[in-house]
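Student: Let me see the structure of the following:
(3 chains)
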Amino acid sequence: MTRMRASYLTRRRLLATVVALLAALLVSIAATSLVGPVHASLRRALGPGGPSTPDYVIIVRTRLPRVLLGAVVGGSLSAAGAALQALLQNPLAEPHLLGVSSGAAVAGMVALIAGADPVSPLVPAAAFAGALGTMALVYLAARAHGRTTPHAILLVGVVCNAIAAAAIMLVNAIASYAQARGVLFWIMGALSTQSYALVALVAVYALAGLGWLVAHAQSLNLFAAGDEGAQQLGVDVEGARRSVFVAASLLVAAAVSVSGMIGFVGLIVPHLLRLVLGPDQRLLLPASFLGGAVFLVWADAAARTALGPAELPVGVVTALVGGPFFVFLLRRRLARTLP
Amino acid sequence: MRAACATLLVLATVGCAPVPSGAGGGPPARVVSLAPSLTEIVWALGAGERLVGVCAQCDYPPAVAALPRVGGYLAPSVEAVIGVRPDLVVVVPSPGNREAVRALERVGVRVLVVHDRTLDDLRASVRALAGALGLTAAGERLVADVDHGLAAVHARVAGLPARRVLLVVGHSPLVVAGAGTLQDELLTIAGGTNVAADAGQAWPQVAPELVVARAPEVIVDAAMGTEAGGHDLFAGLTTVPAVRDGRVVALRGDALFRAGPRVVEAAEALVRAIHPEAGG
Amino acid sequence: MTPALEAEGLVFAYDGRRVLDGVSLRVAPGELVGVIGPNGCGKTTLVRLLSGVLMPHAGTVRLAGRPLAGHRRREIARRLAVLPQDPHLDASFTALEVVLMGRAPHLPPLALPRREDVAISRAVLARLGVAALEGRPLDRLSGGERQRVLLGRALVQEPDVLLLDEPTTHLDLRHQAGIYDVVDAIRRERGTAVVSVLHDVSLAAARCDRLVLLAAGRVAGEGPPAAVLTAEALSAAYGVPVTVGWSPEARAPIVLARGRSGV
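Tutor: Numbers count the residues shown, from 1 in each chain, chains lettered A, B, ... in the order given. Predicted coordinates for the structure are as follows:
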């Protein structure tokens, strides 16, 4: 299938795509704020005496912060995924492969076992610290002769994940039954929050991370020419790789610390957008951020509505959508590369 | 019905298990308990001195602290269990211990599996344990005590209108007790109506907006977290009567979660939370 | 006059095996120097050392008189471009996007391509005969088309020095000639110095001003084609009997290897 898209990225196309996705995001946020296991009327919420109606409490205090958090987390994971796919030159890379996610999960669980309340800010703070530690560990372990190759980063990240998974199982085995239930948060993810302050904090942080990534977008593009090719085109390969690794890791660290490991968002969204918009990271990074936000916002809406009063962990929804899609992608890729 | 099934299960187990070494033909003298609730039941039956090994989470009564640990409630250690040479192992089924139970049975250890989901399960398991320990009379007494205790609790609130209650067991994710659980039954005995009874699962994860919609009059927070955490979770839901009237009550301790003799204590604690005006 | 690119006494070893053992070379602006030699004699390593992606274990490379090590990567990229033998390619970029990558050293990091960058790139694609393919992703191009696109990427860097590593591998006779016609035109217009690694010795003889014959990591011959391409020197270097003829039209030697059984 020959897909003829525009032959290069113009300012107009960049702007038009970003604006379109932003509009889609705003519409999605508005729409999903009105969706949930319980019916809530916007008119009653905004009417006279609004703030004292259950509708207001539901929409403004419980749904909207959650939807906004979903947007920020979805955006962070997708942007990190897009950057990682370019960094590792592998369109099937998923941001959780970096290893920082599992570091966050382990540290968060330890904080829980140590007695912190799941709702207190100590847990995400501990998780974030764990993620940072893991990031440093992965980077240092993947370095040889002052250089890091994509291969090494991937390998060390995967090993870190395996070790952390074992640690989580260990903690699970020695924890009490109630504490063990807390593992679900980390493994399947949860976006429930009532704190606009938290959302604002993560949003500012995520936008900064995105900005840092976009600053290296051209270098990421040039990685397509290989390490030597990129060098010959003027890229400081080691420095760019380190910057992108750190920026992507920080984005993932923040996302996982506040919402657990939500899988597939960082894989499917950048991959899909890449097929439609092309591989130019200057467009793909902001587009992935916005696209990931839209995706997760709707996935979470489905998660809290699908089973009636009970809700599904959002990671289950992304896995149900993402799993088959991943298999489809894999087969498509194999069909193209093998004659 | 459930009692009948449990009894059949016990008889089948007893009938199939080979006679273990040690006690010869008499009642088991060395008992291992792999669940905190079962430890409490064995003790309440007066057979506490027969316990030779308990799971790591067994902590009541305080005297069991001196007993050897044989692994976790979810993941018992087959070696440790065999190491204390039990005549009888009592266990509550869970996915984590299925393999361990099979391994023990293969080695010839007598295993008694009982359930702990509802009050009927509790009565059946008391009778089954009592029967296996040769303490049938003590078993009937214990069941009668529990029934009387619960009836007394219920009598205190029988004349009062039932209050809408949400029983929280986890903060993040927010998990509550649904219908068909021991906790749901105790809640009803204590004069409450479970607002999450229609959630279709025993332990549904719910969104905070459901709490707002169901508007419980009392929220019993039995989750493992801190009181501050519970407060933060519900403070913003100002239209919920429980929040508005300051009726978010923290309930600590394990009695509520163990299908054992302390369910009466748990019911009393629930009454204090749900109908504080009933005194007691 | 300062050579555009100069290498002196380059030594490089892989795992203790010396691939280059004291190689020196210089190219003047506008000159086309061909590097020939048997497989494994270190030609590609030489290209990598000349472009600065590898550091020699001994010796220096100087770009317009200044050692490479003193330059920053972007500076080098503005003045030296490479067409690699074995390009690593992300095949989903279009031909035009690939060529535009060559403008990166001249653009600030966050900039999108400007009108003039697009114009330059399109002009180069036209020159190389692949203008119609500008919107096609690389994985839809033939080997020869891809090679020309990559040359385009090197050319839009507007380098003072151009390094070509086996530029004619996938090209038929017509396109082989075409490539060197474009290279000659660039040399005339901009005074670009070109170093081209070639496996086709006759082609090297016909198009290059000077040749450097590498064998066993050393320079076994250096100078105008007629001087370097003697039967003895070539047989010794390649380890196979060689016939050297002469083409009056090309005014250059023609070289043919004979089989061991004798032709």
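
Student: Please give me every residue in contact with the residue nearest to A:Arg147 when sequence neighbours are not counted.
Tutor: Leaving aside its sequence neighbours, A:Arg147 sits nearest to A:Glu238 (CB to CB, 6 or more residues apart in numbering or on different chains; 5.8 Å). For the C-beta atoms, the positions are set from N, CA and C on the backbone; glycine is no exception. By CB atoms under 8 Å, 6 or more residues apart in numbering or on different chains, the contact set of A:Glu238 is A:146-148.

Student: Buried ones among these?
Tutor: Taking 16 or more other CB atoms under 10 Å in any protein chain shown as the criterion, what is buried in these is A:Thr148.

Student: can you tell me which of the contacts of A:Glu238 are in strands?
Tutor: Taking DSSP state E as the definition of strands, the contacts of A:Glu238 contribute A:147-148.

Student: Now pLDDT too, for the contacts of A:Glu238, in TSV please.
Tutor: Shown next, in TSV, are the contacts of A:Glu238 (pLDDT from 0 to 100):
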residue	pLDDT
A:Gly146	75
A:Arg147	79
A:Thr148	79
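
Student: Which member of the contacts of A:Glu238 is positioned nearest chain B?
Tutor: A:Thr148 (35.9 Å; CB to the nearest CB).

Student: so the closest one touches A:Val138, yeah?
Tutor: No - A:Thr148 is not in contact with A:Val138 according to CB atoms under 8 Å; the separation is 9.5 Å.

Student: any idea how far the residue nearest to A:Arg147 is from A:Gln85?
Tutor: Using CB to CB, to the nearest Å, A:Glu238 is found at 20 Å from A:Gln85.

Student: can you check A:Ser28 too?
Tutor: From A:Ser28 to A:Gln85 the distance is 24 Å (CB to CB).

Student: Same question for B:Ala63.
Tutor: Taking CB to CB as the measure, B:Ala63 falls 60 Å from A:Gln85.

Student: So for the two, which residue has more residues nearby?
Tutor: Set side by side, B:Ala63 and A:Gln85 show more neighbours around A:Gln85, with 25 against 11, by other CB atoms under 10 Å in any protein chain shown.

Student: any idea which helix or strand carries the more buried one?
Tutor: Using DSSP states H and E, A:Gln85 sits in helix A:64-87.

Student: Show the subsequent helix or strand relative to that helix.
Tutor: helix A:100-113.

Student: partners of the nearest residue to C:Pro56 once chain neighbours are set aside in the sheet?
Tutor: Excluding the flanking residues, the one nearest C:Pro56 by CB to CB, 6+ apart is C:Leu10, at 4.7 Å. Beta-bridge partners recorded for C:Leu10 (DSSP bridges): C:Val23.

Student: Centroid-nearest residue for the chain?
Tutor: Unless you meant another one, I'm taking chain A. A:Leu77 (1.5 Å; CA atoms, centre = their mean).

Student: look at chain C instead
Tutor: With distances taken as CA atoms, centre = their mean, the residue of chain C nearest its centroid is C:Leu164 (1.5 Å).

Student: my read: that one touches C:Ala81, true?
Tutor: No - applying CB under 8 Å as the test, C:Leu164 and C:Ala81 come out as separate, 9.3 Å apart.

Student: Now the common contact residues for these two.
Tutor: Common contacts of C:Leu164 and C:Ala81, defined by CB under 8 Å, 6+ apart, comprise C:Ala154.

Student: Show the model's pLDDT score for the residue nearest to the centre of chain C.
Tutor: Per-residue confidence (pLDDT) for C:Leu164: 94.

Student: what do you get for A:Leu46?
Tutor: Predicted confidence (pLDDT) for A:Leu46: 85.

Student: Pop out the phi and psi values for it.
Tutor: Main-chain torsions, A:Leu46, degrees, to the nearest 10: phi -90, psi -10.

Student: That one: neighbour count?
Tutor: Residues within reach of A:Leu46, counting by other CB under 10 Å, total 14.

Student: so how many other residues sit close to residue 145?
Tutor: With no chain named, the answer covers chain A. Other residues close to A:His145 by other CB under 10 Å number 5.

Student: Wait, chain C was what I had in mind.
Tutor: Number of residues near C:Glu145 (other CB under 10 Å) recorded here: 21.

Student: so it is in which element?
Tutor: Following DSSP H and E, one finds C:Glu145 within helix C:143-155.

Student: Can you tell me how far the residue nearest to A:Tyr196 when sequence neighbours are not counted is from A:Ala197?
Tutor: Leaving aside its chain neighbours, A:Tyr196 sits nearest to A:Pro65 (5.5 Å; criterion: CB to CB, 6+ apart). Distance, A:Pro65 to A:Ala197, using CB to CB: 9 Å.

Student: and if you look at C:Arg148?
Tutor: 57 Å.

Student: With C:Val53 instead?
Tutor: Distance from C:Val53 to A:Ala197, by CB to CB: 49 Å.

Student: Repeat that for A:Val35.
Tutor: Taking CB to CB, one finds A:Val35 at 24 Å from A:Ala197.

Student: try B:Pro204
Tutor: Distance, B:Pro204 to A:Ala197, by CB to CB: 28 Å.

Student: which stretches of chain A form strands?
Tutor: A:143-144, A:147-148.

Student: try the stretch 51-200 of chain B
Tutor: B:51-54, B:88-91, B:111-113, B:163-170, B:175-176, B:192-194 (DSSP state E, counting those that start in this stretch).

Student: Pick out the residue of the stretch 1-150 of chain B closest to chain A.
Tutor: Going by CB to the nearest CB, chain A is nearest to B:Ala75 of the stretch 1-150 of chain B, at 5.0 Å.

Student: Hmm, that residue is touching B:Ser94, no?
Tutor: No - applying CB under 8 Å as the test, B:Ala75 and B:Ser94 come out as separate, 9.2 Å apart.

Student: Quick one: the strands in the stretch 51-200 of chain C, in order.
Tutor: Under DSSP E, counting those that start in this stretch, the stretch 51-200 of chain C gives strands at C:58-63, C:66-67, C:80-83, C:161-165, C:193-197.

Student: Any chance of a markdown table for these, columns distance to chain B?
Tutor: Putting these into a markdown table (distance: least, CB to the nearest CB, whole Å) gives the following:
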| stretch | distance to chain B |
| --- | --- |
| strand C:58-63 | 60 |
| strand C:66-67 | 60 |
| strand C:80-83 | 55 |
| strand C:161-165 | 58 |
| strand C:193-197 | 63 |
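
Student: Among these, which comes closest to A:Gln281?
Tutor: Among these, the nearest to A:Gln281 by CB to CB is strand C:80-83 (22.3 Å).

Student: what sits up against the closest one?
Tutor: With contacts defined as CB under 8 Å, 6+ apart, strand C:80-83 is touched by A:232, C:5, C:47, C:50-52, C:63, C:102, C:147, C:150-151, C:153-155, C:157, C:159-165, C:167.

Student: go again using 7 Å as the cut-off
Tutor: Defining contact as CB atoms under 7 Å, 6 or more residues apart in numbering or on different chains, one finds that strand C:80-83 is touched by A:232, C:47, C:51, C:63, C:102, C:150-151, C:154, C:157, C:159, C:161-165, C:167.

Student: Stretch B:92-108 now?
Tutor: Residues outside stretch B:92-108 that contact it (CB under 7 Å, 6+ apart) are B:18, B:20, B:34-35, B:38, B:74-76, B:78, B:81-82, B:89, B:91, B:111, B:113-116.

Student: switch to 6 Å and redo it
Tutor: Outside stretch B:92-108, the residues within contact range by CB atoms under 6 Å, 6 or more residues apart in numbering or on different chains are B:18, B:35, B:74-76, B:78, B:89, B:91, B:111, B:113, B:116.

Student: Pull out the buried positions in that stretch.
Tutor: In stretch B:92-108, counting by 16+ other CB under 10 Å, buried: B:92, B:94, B:96-97, B:100-101, B:103-105.

Student: With stretch B:256-270 instead?
Tutor: The neighbour-count check on stretch B:256-270 (16+ other CB under 10 Å) flags B:256-264, B:266-270 as buried.

Student: what's the answer for stretch B:149-156, then?
Tutor: Across stretch B:149-156, burial judged by 16+ other CB under 10 Å covers B:149-150, B:153, B:156.
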